[in-house]
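Participant: coordinates for the following, if possible.
(one chain, ligands or ions: 2)
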Amino acid sequence: MLASGDSNWGITGVTQRSDTVARQLAPQDGLFTVTERGSGAAPLRVVSSIVEAISGRDNPAAVVDRIAADATKVVTLTVTEKGYRIDPRTGSLNMGDDQVQADLAGRAPQTAIGQIARGLQQRARAGAGPVTVVSCDNLPGNGDLTRNLVRAFAAALAAGEAEPLLAWLDANVTFPNTMVDRMVPVTTAGDLDAVERELGLRDEAAVVAEPFMQWVIEDNFAGDRPRWEDAGALFSSDVAAWEAAKLRLLNASHSMLAYLGLAAGKATISDAVGEDAFLTACRRMMAEDALPTISLPGGLDGQKYCAQVLSRFANPALGHTTAKVGSDGSQKIGLRLLSTVRGNLDAGREPRWAALAVAAWMRHVAATPAAELNDPLAEELHAALPAARDADAVVPALLGCRSIFDAELAADTRFAGLLTHWYRIIDTHGLDGLRKEINHG
Ligand SMILES: NC(=O)c1ccc[n+]([C@@H]2O[C@H](COP(=O)([O-])OP(=O)(O)OC[C@H]3O[C@@H](n4cnc5c(N)ncnc54)[C@H](O)[C@@H]3O)[C@@H](O)[C@H]2O)c1
Ligand SMILES: O=P(O)(O)OC[C@@H](O)[C@@H](O)[C@H](O)[C@H](O)CO
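Facilitator: Ligands and ions are numbered 1, 2, ... in the order given. The predicted structure follows:
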């Protein structure tokens, strides 16, 4: 958007739990490069939109100040699913979370929702103007969700604080829903060296990405906003449909490839999708299980979208690891896969392929020691596991985790049967068994 000529905007970047990115950007005046990899890649570009980078962990008061500043018009957040601190049983803010309670008690806030709510409270008191909060995470209705969590935080304050803040939020803050799509793997040391060779300078904050990018935003802004449409963003009143398509087709296949790939020793998503049987499983999951459960947004051709997703996954230059995509499974499978599972069971169909992905996740959980499982619920999941790790022991044990499977889904014998079937094949017959079973249909 800046490159299109309007230079009135800039970004204050805030890191959350670690100060790494703030430390990398500070000596570079906030400048960083974006390297596209794959067919149609644009030349390396230096991005100058970040005017300052703050460590939210070390300087939470500065975060509150920036949100409250009159000059701030938009607050975006991208903090992963677990960063929202949702209670899986209620879908609202987890009031049992120590960090949420500490933010409510009045310390300089450390949680993402606490920082936003306290920033907005200071903004209300300062009489600064309206502001828009934009979640960019892979969550359905991410704007509505963020609004509900911020309101829940405000409502939990003492009455004298809660009522004026809630009224001010209603009159001055909007939370548009968005869908962001671009595969951006973790930058490696090799990426930094490659950028240095091309640029002639060391960029510690370099970003590597695929050429594809898409940002769909609900046009519901409380105040001024950058003209992102000049740089290709799509403003739409149908963001929910875009988000459902992305989560149930792209992200669901991504998770499926991650867990099948991990079981078969494939390090990257492109390696996993290069295995014909896994490619077939993804195709069939999207076509037979996911597509029938969603209404596509106007202008999106489902068949073409699925084919494009699989060819994006095959990009060998990206190096997106199965370990990274497979992290935080407890936070992702409900949104990406169980939504499809429920849609099919309700319609009387068997979610055969989506169940394969969930079974592969269960196998990953059971085969990974608790200390090595990259998941905020690692302890809870391992506490649920019995000593035996075969299909008949693991599947019912993990189905009993109410943070992930509701009682109705856990009691569905069709789903449990599919999970046990696929788990057993992965566990006892390995890649050859999977190939045979997937190709057999
Ligand atoms: N990387 C991609 O390909 C991509 C593409 C589209 C959307 N997304 C979305 O962006 C989000 C971030 O992805 P990423 O690849 O940058 O992940 P990442 O793991 O590299 O970064 C996650 C960020 O979230 C913060 N965070 C993690 N746990 C937190 C917590 N408990 N509280 C507050 N902040 C927390 C981290 O500090 C970090 O800044 C994803 O969850 C996804 O929804 C990612
Ligand atoms: O970012 P995460 O960890 O929530 O999920 C991993 C990937 O599935 C995801 O980041 C995709 O790459 C992205 O959603 C593509 O737009």
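Participant: got a list of what Val74 touches?
Facilitator: By CB atoms under 8 Å, 6 or more residues apart in numbering, Val74 lies in contact with Val131, Thr132, Val133, Val134, Phe221, Arg225, Pro226. For every residue, glycine as well, the C-beta is placed using N, CA and C.
Participant: quick one: the helices in the stretch 301-441 of the chain, in order.
Facilitator: 302-313, 322-325, 329-333, 339-346, 352-367, 378-384, 391-399, 407-410, 413-424, 430-440 (DSSP state H, counting those that start in this stretch).
Participant: same question, the stretch 1-150 of the chain
Facilitator: Counting by DSSP H, counting those that start in this stretch, the helices of the stretch 1-150 of the chain are 20-25, 60-68, 98-105, 112-126, 142-155.
Participant: near ligand 1, which residues of this protein?
Facilitator: Neighbours of ligand 1 within the chain, by CB under 6 Å from any ligand atom: 15-18, 78-83, 112, 137-138, 180-184.
Participant: let's go with 8 Å and repeat that
Facilitator: 15-18, 21, 78-85, 111-112, 136-139, 180-186, 209, 320, 324, 327-328, 376 (CB under 8 Å from any ligand atom).
Participant: okay, now Tyr415: neighbour count?
Facilitator: Rather than Tyr, residue 415 is Phe. 24 (other CB atoms under 10 Å).
Participant: wait, it sits on Ala355?
Facilitator: Yes - Phe415 is within contact range of Ala355, at 6.4 Å (criterion: CB atoms under 8 Å).
Participant: intersection of neighbour lists for these two?
Facilitator: Contact criterion CB under 8 Å, 6+ apart; residues shared by Phe415 and Ala355: Val341.
Participant: once you drop chain neighbours, what's closest to the residue most central in space within the chain?
Facilitator: By CA atoms, centre = their mean, the chain has its centre lying nearest to Asn138, at 3.7 Å. Excluding the flanking residues, the one nearest Asn138 by CB to CB, 6 or more residues apart in numbering is Asn251, at 5.9 Å.
Participant: which residue lies farthest from the center of the chain?
Facilitator: Outermost in the chain, CA atoms, centre = their mean: Gly160 at 35.4 Å.
Participant: show the pLDDT at that residue.
Facilitator: The model reports Gly160 with a pLDDT of 95.
Participant: so it, which state does it fall into?
Facilitator: Under DSSP: H, G, I helix; E, B strand; the rest coil, the three-state class of Gly160 is helix.
Participant: check which residues of stretch 284-295 are buried.
Facilitator: Arg284, Met285, Met286, Glu288, Asp289, Ala290, Leu291, Thr293, Ile294 (16 or more other CB atoms under 10 Å).
Participant: for the nearest residue to Glu196 once chain neighbours are set aside, give its distance to Asn177.
Facilitator: Ranked by CB to CB, 6+ apart and with sequence neighbours excluded, the top spatial neighbour of Glu196 is Arg202, at 5.1 Å. Distance of Arg202 to Asn177, computed by CB to CB, to the nearest Å: 39 Å.
Participant: out of the two, which sits in the busier spot?
Facilitator: Asn177 (26 against 11).
Participant: check contacts around the more buried one.
Facilitator: For Asn177, the contact set (CB under 8 Å, 6+ apart) comprises Ser135, Gly141, Asn142, Gly143, Asp144, Ile217, Glu218, Val239, Ala240, Glu243.
Participant: look up how far ligand 2 lies from it.
Facilitator: From Asn177 across to ligand 2, the span is 15 Å (CB to the nearest ligand atom, to the nearest Å).
Participant: do Ala108 as well
Facilitator: 28 Å.
Participant: so for Asp193, what's the pLDDT?
Facilitator: For Asp193, pLDDT reads 98.
Participant: which helix or strand contains it?
Facilitator: In this structure, Asp193 sits in helix 189-199 according to DSSP states H and E.
Participant: enumerate the residues of the stretch 251-400 of the chain near ligand 2.
Facilitator: Within reach of ligand 2 by CB under 8 Å from any ligand atom, the stretch 251-400 of the chain has these residues: Asn251, His254, Ser255, Ala258, His320, Lys324, Val325, Ser327, Asp328, Gln331, Lys332, Arg336.
Participant: the last one touches Ala245, doesn't it?
Facilitator: Which is Arg336. No - look at Arg336 against Ala245 with CB under 8 Å: they stay out of range, at 11.9 Å.
Participant: which of the two has more neighbours?
Facilitator: Counted by other CB under 10 Å, Arg336 and Ala245 do not tie: Arg336 has more neighbours, with 27 against 23.
Participant: ok, the more buried one - contacts?
Facilitator: Contacts of Arg336 by CB under 8 Å, 6+ apart are Leu247, Arg248, Asn251, Ala252, His254, Ser255.
Participant: check contacts around the last one.
Facilitator: Going back to what we said before, that points to Ser255. When contacts are counted by CB under 8 Å, 6+ apart, Ser255 touches Val325, Gly326, Gly329, Lys332, Ile333, Arg336, Leu337, Ala357, Trp361.
Participant: of the buried residues of stretch 284-295, closest to Pro351?
Facilitator: Asp289 (4.9 Å; CB to CB).
Participant: follow-up on the earlier one: out of the contacts of Ser255, which comes closest to Val273?
Facilitator: Val273 has its nearest neighbour among these in Val325, at 11.4 Å by CB to CB.
Participant: in which helix or strand does the residue nearest to that closest one when sequence neighbours are not counted reside?
Facilitator: Of all residues not flanking Val325 in the chain, Ala258 sits nearest, at 4.0 Å (CB to CB, 6+ apart). Using DSSP H and E, Ala258 sits within helix 252-263.
Participant: now do that helix against helix 430-440, angle only.
Facilitator: Put simply, helix 252-263 runs at 140 degrees to helix 430-440, going by axes from the mean of the first three to the mean of the last three CA atoms, to 10 degrees.
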